[in-house]
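1. here is a sequence together with a model predicted from it:
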Amino acid sequence: MIFDLENASGAEFPNPDVCIVGAGAAGIVLAVELQRYGKRVLLLDGGGQSVELSAQEPYQSEVTGYLHHGVHDGRFRALGGTTTRWGGQILELDDIDFERRPWVDGSGWPFGKSELTPHYKRALELEGLNGAINHDREIWKALGIPPVTEFGEELTGYVSRWCPEPNLSRVHRAHLTANENIGVFLHANAVGVEMKGDGETVSGIRCRTFGQKVVTFRAKSYVLCLGGIETCRFLLQQGVNSRYPWSESRLLGRHFQDHLSVPCGEVENVDAGKFHRYFDNIFYRGYKYHPKFKTTERAQAQHNTLNVAGAFAFLSGADETLNRIKSGFKNIIRGRLGDLSAAEMKAVAGNIPLLARQAHRYLFQHRAYVPRGSRIVLLAHCEQEPLSASNITLSNQRDSIGLLRARLDWRVADREIETARLFAQTVKAAFEELGLASVRLDPELLSGDVRVAGQVEDSNHHMGGARMAESAQAGVVSPQLRIHGTRNFYACSAAVFPCSGFSNPTHTVLALAVRLAGHLSDSSTRGDYQYSSGETLCSR
């Protein structure tokens, strides 16, 4: 059931067990999972049914250090959150990302990857990927191509998967609109936390609409699913004029991480048939797969590097037209003719030969169409240091709902650039030895020019700032995602990542959400927090 707080009282959904703040990927998946356990779930979001300019205004932030695009371009306040705009790429973290690496300070999670293995599997179903091929070797077998597993001694091949429908508010529309155990309130901007007298138990989340209506929502347990940057901003906000259990944490907002996207050079003199057979995107039985490559764990230990992977970008003068054709084609085959934009219709109608080549490559060869003569760029996707010098603090300026804006100080460390440089040299040596390609590397990257750090791009992957650890001295949230010092207040976003590898974070966040749903169900059954039926569920 979906309500708009601008014209609702807030009392339309009584007696919730769990209140989730943020209706993006994590919030939606957590709500869907909790209702499977028979829980009544309140889901709050500051945006509307789609992205609205007014709802984006609170995300305007100050940026110091290096330029960071994603703080503005990679966050969306709406039902579905960032999934309304992302591509939908799904990838697990590597085993090594969960482990303590002696050569990487601050590395490791408080549990191993095996803890998330069953939850990763369930997350695939919730992402609409239950019909996708799970094992990389089986993908190549389906195409009749020998499995691509190694490129020399230090590089290994792998394949990422893409959601057929990236927008999770569409995937779970039936639950959000018709499930009587899920209540969604839009335009409900969380602005404050109310605590019981014990100073440990949250008793309400205070929300404000853009029309300045104020409503407090109450439940048994509360979960912040606000995204990496906004999780930190919200928690920092609460400690400005009041003392909360987390407000004294020296780690809140510290060690922010993104994934560096580093252009390393261009591919020349390609064995075109072999190269495109290995690296063109794969489309098979309705699912997209992206072939990539990464450094082996042995190579990371040998060279004392961070985790890093690579992919090839194919660039041509027809990219804009191709993207519009692809977007229009997707809307057509999904039966969403109403979503076709004028530019997409024009691109499809005016480029029938190009569409035919694209469709033939897609439908009969199960691969992406790459125009002849395209530039091929080697991109490195590099982990940032777990104890990154980057941090999130608060600005002195307030947004339209009265909260202090975020200030992001984004730093790029020498070691991160060195990891990308070594990776690029490894790729060049391996691919030329195998006869796959000749790679011309960026001379500034090779020379260690300090200007390279200012030229790298962020990846819209906002991680860290509320790291997970066993104790409040070592982190902001517990391994069960409970905010240290509280009894019933949790955070489920990439902000809790102690370290981030190179993998897109959403799949791991959703695995954490699935795991948290089970924990909250067990906790409520055990009665960790005794809910008083006499408390108001909603108050003006």
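-> Alright, I've got the coordinates.

2. I'd say residue 218 and residue 203 touch.
-> Yes: with contact defined as CB atoms under 8 Å, residue 218 counts as touching residue 203 (6.4 Å). C-beta coordinates here come from the backbone N, C-alpha and C atoms, glycine included.

3. output stretch 51-63 as CSV, nothing but the C-alphas.
-> Once non-C-alpha atoms are left out, stretch 51-63 reads as follows in CSV (Å, rounded to 0.1, in the frame of the first residue of the first chain):
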residue,chain,number,x,y,z
VAL,A,51,12.6,11.3,-9.5
GLU,A,52,11.5,14.8,-8.8
LEU,A,53,13.8,17.9,-8.8
SER,A,54,12.5,19.1,-5.5
ALA,A,55,13.2,15.8,-3.8
GLN,A,56,16.8,15.8,-5.2
GLU,A,57,17.6,19.2,-3.6
PRO,A,58,18.6,17.8,-0.1
TYR,A,59,21.4,15.8,-1.9
GLN,A,60,23.2,18.9,-3.0
SER,A,61,26.5,18.6,-1.1
GLU,A,62,29.9,20.3,-0.7
VAL,A,63,32.9,18.5,-2.2
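
4. so how far is that stretch from its chain's centroid?
-> 18 Å (CA atoms, centre = their mean, to the nearest Å).

5. neighbour count winner among residue 218 and residue 203?
-> residue 218 (23 against 19; other CB atoms under 10 Å).

6. from residue 466, how far off is that one?
-> Look at residue 218 and residue 466: by CB to CB, to the nearest Å, they are 24 Å apart.

7. then residue 209?
-> In terms of CB to CB, residue 209 sits 26 Å off from residue 466.

8. among the two, which residue is more densely surrounded?
-> Shown here are residue 209 and residue 466; by other CB under 10 Å, residue 466 has more neighbours (32 against 20).

9. residue 19 belongs to a strand, doesn't it?
-> Yes: under DSSP: H, G, I helix; E, B strand; the rest coil, residue 19 sits within a strand.

10. surely it meets residue 44?
-> Yes: between residue 19 and residue 44 there is a contact under CB under 8 Å: 6.8 Å.

11. which neighbours do those two share?
-> 205, 217 (CB atoms under 8 Å, 6 or more residues apart in numbering).

12. excluding chain neighbours, what is closest to residue 51?
-> Once flanking residues are discounted, residue 51 sits nearest to residue 78: 4.6 Å by CB to CB, 6 or more residues apart in numbering.

13. so what's the one you found up against?
-> By CB under 8 Å, 6+ apart, the contact set of residue 78 is 45, 47-52, 55, 84.

14. buried only: go through the residues you listed for me.
-> Listed as buried from these are 45, 47-48, 51-52, 55, 84; burial here means 16 or more other CB atoms under 10 Å.

15. would TSV of these with secondary structure and distance to residue 302 be doable?
-> Formatted as TSV, these follow (DSSP: H, G, I helix; E, B strand; the rest coil; distance: CB to CB, whole Å):
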residue	secondary structure	distance to residue 302
45	coil	46
47	coil	47
48	strand	51
51	coil	46
52	coil	51
55	helix	48
84	helix	42
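
16. nearest to residue 24 among those?
-> Distance to residue 24, by CB to CB, is smallest for residue 45 among these, at 7.9 Å.

17. show me what contacts the closest one?
-> 22-24, 27, 77-79, 81, 184-188.

18. now the spatially closest residue to residue 451 that is not a sequence neighbour: which helix or strand?
-> Distance criterion CB to CB, 6+ apart; nearest residue to residue 451, sequence neighbours excluded, is residue 444 at 6.4 Å. Assigned by DSSP states H and E, residue 444 belongs to helix 443-447.

19. would you mind pulling the contact partners of that helix?
-> Counting by CB under 8 Å, 6+ apart, 262, 264-265, 417, 420-421, 424-425, 451-452, 455 sit against helix 443-447.

20. buried subset of those?
-> Of the contacts of helix 443-447, these count as buried by 16+ other CB under 10 Å: 262, 264-265, 417, 420-421, 424, 452, 455.

21. could you pull out the strands for the stretch 1-150 of the chain?
-> Applying DSSP state E, counting those that start in this stretch to the stretch 1-150 of the chain gives strands spanning 2-4, 18-21, 41-44, 62-65, 89-90.

22. could I get those strands in JSON lines, plus columns for mean neighbour count?
-> As requested, those are arranged in JSON lines below (neighbours: other CB atoms under 10 Å):
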{"stretch": "strand 2-4", "mean neighbour count": "17"}
{"stretch": "strand 18-21", "mean neighbour count": "27"}
{"stretch": "strand 41-44", "mean neighbour count": "28"}
{"stretch": "strand 62-65", "mean neighbour count": "14"}
{"stretch": "strand 89-90", "mean neighbour count": "20"}
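
23. among those, which comes closest to residue 134?
-> The closest approach between residue 134 and any of these, judged by CB to CB, belongs to strand 89-90 at 11.1 Å.

24. so who does the closest residue to residue 132 other than its chain neighbours touch?
-> Once flanking residues are discounted, residue 132 sits nearest to residue 287: 4.4 Å by CB to CB, 6+ apart. Shown in contact with residue 287 (CB under 8 Å, 6+ apart): 129, 131-133, 161-162, 164.

25. circling back to that earlier point, quick one: which of the contacts of residue 45 is nearest residue 12?
-> Closest to residue 12 out of the contacts of residue 45 is residue 185 (8.3 Å), distances taken as CB to CB.

26. in a helix, that closest one, correct?
-> No: the assignment for residue 185 (three-state DSSP) gives strand, which keeps it out of a helix.

27. that one contacts residue 46, correct?
-> No: using CB under 8 Å, residue 185 makes no contact with residue 46, being 9.9 Å away.

28. if we can go back for a sec, and the two most separated of the contacts of helix 443-447?
-> So, those by CB to CB: farthest apart are 425 and 451, at 18.9 Å.
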